[in-house]
Each structure stands twice: as C-alpha cells, then as structure tokens.
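Trainee: starting from these lines, generate the structure:
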Amino acid sequence: MKLGFWGAARQVTGSMYMLTLDHDYKVLIDCGFDFDKERSDFESTEYKKEDGFIFPFEVTEINLVILTHAHVDHSGNLPNLIKEGYEGQILCTQPTMELSELLLADSARIHKLKLNSIHGRGKKINPKLLNKLTADLYLESHVKETMDRFVCIGFERRFKVHENLFVTFHYTGHLLGAASILVEARENGNWVKIGFSGDIGRYNYPLLKDPQPFPEVDYLVCESTYGNRTHETTEAPETVLKDVIQSSLIDIPGRLIIPSFSVGRTQSLLYILNKLQFSEHFPDIRIFTDSPMAMKSSQLYEKFRSHLNKEAQDFYKENDSLFNFENLTYVPDLEGSKALSNHYEPCIIISSSGMIHGGRIENHILKNLENPYCTIFMIGFSAEGTTGNKLMTGADRVVLKGKSLEVKARILKTDVFSGHADLKGLMRFVEQQKPEKLKKLFLVHGEAEVMDDFKKTLVWSGYEQTVIPEYGNEFELI
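Mentor: As a prediction, this is how the structure comes out:
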C-alpha cells in the first residue's frame, strides 16, 4: 500500500493525494486547483502541460475519487480529471456535491473568458505553448459531465466500496458538507486505517456544527493552514460586527464595505446580521449582497439546514429564514452592482472576492478607497500580492485596475470569521490520536514555514513520527 502526495505539499492549495492498494487499485483523495505556482518537478515528468496533460500520473488508472469538500483548491481540477479520461465515481456528501456544482460552474465561466482571450490575440500561437496555456481550462460541458459522476454518502455512515475498502465521512465544520475522511483498507489480510483531515473548522463557528471526534487511525494526513498561530480575536462574531456597524454607520453616517467569499463566509455574515437585526434593533441600514453565487449558496445552506448547528436550526424555526430579512437586497447583475455607487445613505456592501483579487468587489474598492467616510472591513486571509493583503498590512497606496489610489478609507480587520482551525484547534484534532499508536503523521495544506513550526510543536508533544512530504513523494504504508 502506498500514499502519494501530488498537491498541497509544502504549500496551501492543490490538495491531491493518491492511495494505491492491492492489485493497483488507486484512490484519489481530493483533486484541487493549484493556485500557488507552476510545478517544475511536474514538468520534468513524462506528463507535460505542453502536451495537454494536467496531472503527473495516468488518470485512466484511477479507480475512485473521494472529495472532502467543495472549495476549489480541493475540487477545482475534477473536470480536468474527466477530460483526461477518468471514468469512475466521485464520493462526497450531498451538500458538497451541490456546492461543488456552483463553484465549478463559476470556474468554467472564468475559464471560458480566458480561452476567448487566448484565442482572440490575433496571432498564431506555438502549439506547445497553446497546449500549456489552455490545458487546465474547462468548459460548462465538462462540469456537467463531472456532476454525473458524483455519488453522495451520508455523514457517519460506513460505506462499503468493496469487501476490502470502506469509507466514512465525519463532520469537520469549515464549510457546509465538509468532511474529514476515514479510509479503511484491507491488504494481505490486515486492516489499515488512514485519515484525511480535509480542512478542519473552528469550534462555535456561526451556522456550522463543531468538528466531530475522529477515530484512531494508523496514518493521518492533516492540514496545517494555521499551524503556527492562534486566532487573534476572542470576542463573539456578533460583538465584533455590532461594534464595527456602530462606529462605521451610526456614530458617523458612512459606508461599510466587506470583501467576502461568496460560499461560506458570506452566509456566516448574513446570519449574524440577521440576528443583530432582531436583537439590537439597529436603524434601517440597507445591506447589499453583491454576488449571485452568494444568493445561490445561501439557498443551499437553508436547504441543508439539518447539517447546521442547533442554534441555526432553532433560529430558522423561529424566523423562517437564516439570511433573508427586511433590509437585505441581493444584487443580481453587474448594472445593479455599478448603481450602488449612487446610493448615498449609510449602507453595508458585501461582495467577493474576499481578497479583493477579481470580482465585483474591485469596483467598490475603486470607488470608495479614497473616501474617508468609508470603512473597509477585512474578515479573512488575503494572499501576498493581493489588494486585500496590501490593505491589511497598512499600505498607503494601492494600484487597482491600473489606477493608483491613496488609502483614505478606514481599514479594519478580524479573523473571527475565519473558517480554519488555529493551532489549538489543529492540536485538538491531532491529539485524538495516541502518539504511540500512530505510525505516521503527514502535514499538508500549509505554507512551508508554517508546516515547519507545526511539526516542531507536534514533535515536542510526542508525535515524533511527523513528516512533511515534498511534492511527488510516495510512502509505503505497512
């Protein structure tokens, strides 16, 4: 039995792990899009992008795919897997399947724009370069074909793939439908248990259930996104948001802009705003959600409310909705989005992307960054190089859409809405495993420096078997 690491190895994105069992039965866990960098080591294999390949292995040899959750860095390459000839099933939870359809369709829309741009340059492109530029771009038809392969499995149910392979999905918070996965495989008469954490959520997070206890395993693959820090904000999300609204819109009649990812983060925001409307009786402040995907995602959260925590379910029973309230307006189209610039009364604008890297939020920042009566409230991680990161780190000026802007708006930030477990949460997950019984602990899905720090903490705590795989590393599991 072998375990190979083909993504999120000493980096955050592109989660993809290959488990090879007896008789070369291959299981791929996650198939995420890699946003971090081009892989020179991938380019050195026989499967090259210039020849139209996306993956550094033969996809037709894969027998099964298992998906932890819908985020594109875990699901975004599934249509490419189908393009290259994968013919098997994709196992996941029902909410994950439906959220994946939204996110993959959005990716296909972006890919189509890229393809049109590449082919519309007006000059002939070298075929090898063309293949390299377009190899990982897919269309809506590929997404539809991908969705036909999904098979949904309930949480906490031991699913029999065949007599020597069982799969169980365990609640892990983080996102609607997200799971940590237990794989039980029998080889040479012996059962081996392998755990894949997926992305571990936070305890007491708005809407979502807490991560559930994970069973003991022989091998554990664990994410490490926040493996060297704890969340800074200790106040409740309601308190944080209430204070920001008070200072931004009531004490001073200004404008509050919140860059937010459409799936997951925006639902948490709207839920808290809905609760505040009931409990705090704020003045009539208009709230605009400027994201069609956010509206569709909110509908799925309500559809699958049985997967949410008890507080959210009780709130729904009492109010008939988690997100829709009197002062909330969903902005359906780009013209409506642009028209928000003409709304001069105090208001809240929630728009994507959360990093201010593409999306409608860029227009709102462009129009308001030099407005001293505007507050921009950053509520999540922003990667280095993005406008969001520059604002969070105190830049005096930023360039957006070719225009240099002075930062006159007030910039606030919080990590209270982060959906990832911090160091304490990660340790809580790992410590469900007895150090003397766990044969190997693999760290993935984190920046290299963070992983190194997390490994030191784990080794100090008794997990001396901790390993940080490199891209392409394969390990024999005994």
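Trainee: ok, the closest residue to residue 164 other than its chain neighbours to residue 288 distance?
Mentor: Leaving out its chain neighbours, the residue that sits closest to residue 164 by CB to CB, 6 or more residues apart in numbering is residue 186, at 4.2 Å. Glycine gets a C-beta too; all of them are placed from N, C-alpha and C. Between residue 186 and residue 288 the distance, using CB to CB, to the nearest Å, works out to 55 Å.
Trainee: comparing the two, which residue is more hemmed in?
Mentor: Summary of the neighbour comparison: residue 186 and residue 288, criterion other CB atoms under 10 Å, with residue 288 having more neighbours (22 against 16).
Trainee: so that one sits against residue 346, correct?
Mentor: No. With contact defined as CB atoms under 8 Å, residue 288 does not reach residue 346; the gap is 11.9 Å.
Trainee: which one's the longest helix in this protein?
Mentor: The single longest helix within the chain, with elements called by DSSP state H, is helix 94-119.
Trainee: helices or strands next to that one in the packing?
Mentor: Other helices and strands packing on helix 94-119, by 3 or more CB pairs under 8 Å, 6 or more residues apart in numbering; DSSP states H and E, are helix 72-75, helix 78-83, helix 127-134, helix 140-147, strand 150-152, helix 292-303.
Trainee: give me the low-pLDDT residue ranges for the stretch 251-400 of the chain?
Mentor: Along the stretch 251-400 of the chain, the parts satisfying pLDDT under 70 run over 280.
Trainee: re earlier: taking helix 140-147 as reference, get the angle to the longest helix of the chain.
Mentor: Compare the direction of helix 94-119 with that of helix 140-147 by axes from the mean of the first three to the mean of the last three CA atoms, to 10 degrees and you get 160 degrees.
Trainee: report the distance from helix 94-119 to the chain centre.
Mentor: Here the centre of helix 94-119 is set off from its chain's centre by 15 Å, with CA atoms, centre = their mean, to the nearest Å.
Trainee: in that helix, which residues are buried?
Mentor: 94-108, 111 (16 or more other CB atoms under 10 Å).
Trainee: swap in stretch 124-134?
Mentor: Judged by neighbour count using 16+ other CB under 10 Å, the buried positions of stretch 124-134 are 131-134.
Trainee: and for stretch 334-350?
Mentor: 337, 340, 346-350.
Trainee: what sits up against that stretch?
Mentor: Contact with stretch 334-350 is made by 245, 249-250, 253-258, 260, 266, 269-270, 273, 285-291, 294, 331, 351, 360, 363-364, 367, as judged by CB atoms under 8 Å, 6 or more residues apart in numbering.
Trainee: narrow those residues to those that are buried.
Mentor: 245, 249, 254-258, 260, 266, 269-270, 273, 285, 287-291, 294, 331, 351, 360, 363-364, 367.
Trainee: what packs against the helix or strand containing residue 4?
Mentor: Under the criterion of DSSP states H and E, residue 4 resides in strand 2-5. When contacts are defined as 3+ CB pairs under 8 Å, 6+ apart, strand 2-5 sits against strand 17-20, strand 440-444, strand 474-476.
Trainee: got the CA positions of the helix or strand that the first one is followed by in PDB?
Mentor: Scanning forward in sequence from strand 17-20, with DSSP H and E defining helices and strands, the next element found is strand 26-29. C-alpha atoms of strand 26-29 as PDB (Å, rounded to 0.1, in the frame of the first residue of the first chain):
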ATOM      1  CA  LYS A  26      -6.000   3.600  -6.900                       C
ATOM      2  CA  VAL A  27      -8.000   6.100  -4.800                       C
ATOM      3  CA  LEU A  28      -7.600   9.800  -5.300                       C
ATOM      4  CA  ILE A  29      -8.500  11.900  -2.300                       C
END
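Trainee: ok, and for stretch 149-163, which residues are buried?
Mentor: If you call a residue buried by 16+ other CB under 10 Å, then stretch 149-163 has these buried ones: 149-150, 153, 155, 161.
Trainee: spit out the contact partners of residue 210.
Mentor: Taking CB under 8 Å, 6+ apart, we find residue 210 in contact with 171, 173, 201, 203-204, 309.
Trainee: now the residues you listed in TSV, with secondary structure?
Mentor: As requested, the contacts of residue 210 are arranged in TSV below (DSSP: H, G, I helix; E, B strand; the rest coil):
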residue	secondary structure
171	strand
173	coil
201	coil
203	coil
204	coil
309	coil
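Trainee: which of these tops the neighbour count?
Mentor: residue 173 (27 neighbours).
Trainee: which residue packs closest to residue 442, ignoring adjacent ones?
Mentor: For residue 442, ignoring the flanking residues on the chain, the nearest one in space by CB to CB, 6+ apart is residue 221 at 4.6 Å.
Trainee: the one you found should be in a helix, yeah?
Mentor: No. The secondary structure assignment for residue 221 gives strand rather than a helix, going by three-state DSSP.
Trainee: show me what contacts the residue sitting nearest the centre point of the chain?
Mentor: By CA atoms, centre = their mean, the mean C-alpha position of the chain lies nearest to residue 71, the distance being 3.7 Å. Taking CB under 8 Å, 6+ apart, we find residue 71 in contact with 32, 103, 175, 199, 263.
Trainee: mind listing residues that contact the lengthiest strand in the chain?
Mentor: With DSSP state E applied, the strand covering the greatest number of residues in the chain is identified as strand 179-187. Under the contact criterion CB under 8 Å, 6+ apart, strand 179-187 has outside partners 1, 19, 21-22, 27, 29, 66, 68-69, 92-93, 96, 155, 158, 163-172, 191-198, 200, 211, 214-215, 217, 429.
Trainee: just to revisit the earlier point, just the buried ones among the contacts of stretch 334-350: which are in helices?
Mentor: Per DSSP H, helices hold the following members of the buried ones among the contacts of stretch 334-350: 245, 266, 269-270, 273, 294, 363-364, 367.
Trainee: which of the contacts of residue 71 fall within helices?
Mentor: Assigned to helices by DSSP H, the following of the contacts of residue 71 qualify: residue 103.
Trainee: now the contacts of residue 71 in CSV, with distance to residue 316?
Mentor: Rendered in CSV, the data for the contacts of residue 71 read as follows (distance: CB to CB, whole Å):
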residue, distance to residue 316
32, 31
103, 24
175, 19
199, 25
263, 19
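Trainee: so among the contacts of residue 71, where is pLDDT lowest?
Mentor: Among these, residue 263 carries the lowest pLDDT, at 93.
Trainee: what residues are up against residue 118?
Mentor: Listed by CB under 8 Å, 6+ apart, the contact partners of residue 118 are 125, 130, 133-134.
Trainee: which one of those residues sits closest to residue 55?
Mentor: The shortest distance between residue 55 and any of the contacts of residue 118, using CB to CB, involves residue 134 and amounts to 15.5 Å.
Trainee: for the strand holding residue 4, give the mean pLDDT please.
Mentor: Looking at strand 2-5 alone, the average pLDDT works out to 97.
Trainee: parallel or antiparallel, which strands does that strand pair with?
Mentor: Take DSSP bridges as the rule and strand 2-5 pairs in its sheet with strand 17-20 (antiparallel), strand 474-476 (antiparallel).
Trainee: buried deepest among those strands, which one?
Mentor: strand 17-20 (a mean of 21; mean count of other CB atoms under 10 Å).
Trainee: tell me the mean pLDDT for that one?
Mentor: 98.
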